[in-house]
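1. Fold the following for me, if possible:
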Amino acid sequence: MGALTILNQHAHKAHFVEHRGTLYGLTKRNILWRYNFKTHTYQEVKQVDKHVTSISDMSDTQLLFVKRISQKKKSR
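-> Residues are numbered from 1 along each chain as shown. Below is the predicted model of the structure:
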């Protein structure tokens, strides 16, 4: 199966981060996934908090997520 076919099946949010030949993204169920371009392998890595909206940045050891935090306005 080709890379685009695999990514179309699993990619939900338009925010992707590439790091050292591996693409990272989130599924509809907020599962962090990675796709290695060299080995053509897809792997679901970890469930993340339901309020995470995207991956902002990453280093060799850490990921930086964007998290939506909202508060309902009280009516008077």
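2. what's Phe65 in contact with, if anything?
-> With contact set as Cβ atoms under 8 Å, 6 or more residues apart in numbering, Phe65 has these partners: Val48, Asp49, Val52, Thr53, Ser54, Ile55, Ser56. Every residue, glycine included, has its C-beta placed from N, CA and C.
3. Enumerate the beta-bridge partners assigned to the fifth one.
-> Ser54 forms beta bridges with Val66, as assigned by DSSP bridges.
4. Could I get the full set of helices for the chain?
-> Using DSSP state H, the helices of the chain run over 3-10.
5. Going by residue numbers, what spans are strands in it?
-> Counting by DSSP state E, the chain has strands at residues 17-19, 22-26, 31-36, 41-47, 52-58, 63-67.
6. coming back round to it: are any of the contacts of Phe65 buried, and if so which?
-> Val48, Val52, Ser54, Ile55 (16 or more other Cβ atoms under 10 Å).
7. Among these, which one sits closest to Ser75?
-> Of all the buried ones among the contacts of Phe65, Val52 has the smallest distance to Ser75: 28.9 Å, by Cβ to Cβ.
8. pretty sure that closest one is touching Ile69, no?
-> No - look at Val52 against Ile69 with Cβ atoms under 8 Å: they stay out of range, at 10.7 Å.
9. Quick check: of the contacts of Phe65, which lies closest to Arg20?
-> Nearest member of those to Arg20, counting by Cβ to Cβ, is Ile55, at 14.6 Å.
10. Test my guess that the closest one contacts His15.
-> Yes - counting by Cβ under 8 Å, Ile55 touches His15, with 5.9 Å between them.
11. Residues that sit against both of these two, list them.
-> Listed as contacting both Ile55 and His15 by Cβ under 8 Å, 6+ apart are Gly25, Leu26, Val66.
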